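Peer 1: Show me how the following folds:
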Amino acid sequence: MNCFKNRPAFAIIIMIVIAIMAFSGCSSAGSKTEKKTEETVTQKEAVAAGTDISARESIQTAEEAGTAAAPGIIEKEYQPNPDYDRYAKVDYLIEDIGAEFTATVSKKADDSEYEVHCMVDNVEQLVVLDKDLAVVSDKTGELGYDAPLIVQKAIDADKWADITK
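Peer 2: Model (predicted):
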């Protein structure tokens, strides 16, 4: 028990050990981030080399459909809804999630109702809006903010085509 005679020195050593343990926990989180970044780079390299099976299948599916889609992204454009009178195609980007897609906006002849139909992050979106561009229904609840902006973009472009019935 002679090693405890110099208590202040022992207390300092204990505090140093605790501080080292605390800081090593922070640096291990950084290591996890670095590993994740390395895995992402490795996955991208696998896609580029054509060894990632799911990406290759996505590319093949896109090529068969005659479209050029990025690996893992399904691009789909919907036909206008025949219950409406006119439609427009709108290219749109949701910057927060980096989703770029083409939406089909259908509308009644009197502009009393609009429908936005698109595919965002491989999920089909279907939103109905009233004449004031307020959301009446939203199939997934995920496009409520962007749907009025998409319709407004179609209105501003004013490139509507008649829906053949």
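
Peer 1: only C-alpha atoms for contact and neighbour calcs from this point on.
Peer 2: OK.

Peer 1: contacting residues for Tyr114?
Peer 2: 105-108, 128-131, 133, 151 (Cα atoms under 8 Å, 6 or more residues apart in numbering).

Peer 1: and if we set it to 7 Å?
Peer 2: Residues near Tyr114 by Cα atoms under 7 Å, 6 or more residues apart in numbering: 105-108, 128-130.

Peer 1: same check, this time on Lys139
Peer 2: Counting by Cα under 7 Å, 6+ apart, Lys139 makes contact with 125-127.

Peer 1: Adding neighbour count, write the residues you listed out as JSON lines.
Peer 2: Formatted as JSON lines, those follow (neighbours: other Cα atoms under 10 Å):
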{"residue": "Gln125", "neighbour count": "20"}
{"residue": "Leu126", "neighbour count": "22"}
{"residue": "Val127", "neighbour count": "23"}
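
Peer 1: Tell me which of these fall in strands.
Peer 2: Members of those lying in strands (criterion: DSSP state E): 125-127.

Peer 1: Of those, which is the nearest to Glu100?
Peer 2: Proximity of the ones in strands among the contacts of Lys139 to Glu100 (Cα to Cα) peaks at Gln125, which lies at 13.4 Å.

Peer 1: before we move on, what SS does the closest residue to the closest one other than its chain neighbours have?
Peer 2: Spatial nearest neighbour of Gln125, chain neighbours left out: Cys118 (5.2 Å); criterion: Cα to Cα, 6 or more residues apart in numbering. Secondary structure, DSSP: H, G, I helix; E, B strand; the rest coil: Cys118 is strand.

Peer 1: where in the chain is pLDDT low?
Peer 2: Residue ranges of the chain with pLDDT under 70: 1-6, 10, 22-75.

Peer 1: And the helices in it?
Peer 2: For the chain, the helices defined by DSSP state H occupy 7-49, 53-65, 146-157.

Peer 1: list the buried ones in the last one?
Peer 2: Spelled out, that is helix 146-157. Under the neighbour-count criterion of 16 or more other Cα atoms under 10 Å, helix 146-157 has 147-148, 150-151, 153-154 buried.

Peer 1: about what we covered before: who are the contact partners of the residue nearest to Gln125?
Peer 2: Residues in contact with Cys118 (Cα under 7 Å, 6+ apart) are 77-78, 102-104, 124-126.

Peer 1: picking that back up, nearest to Val17, of the contacts of Lys139?
Peer 2: Using Cα to Cα, Gln125 comes nearest to Val17 of the contacts of Lys139, at 54.9 Å.
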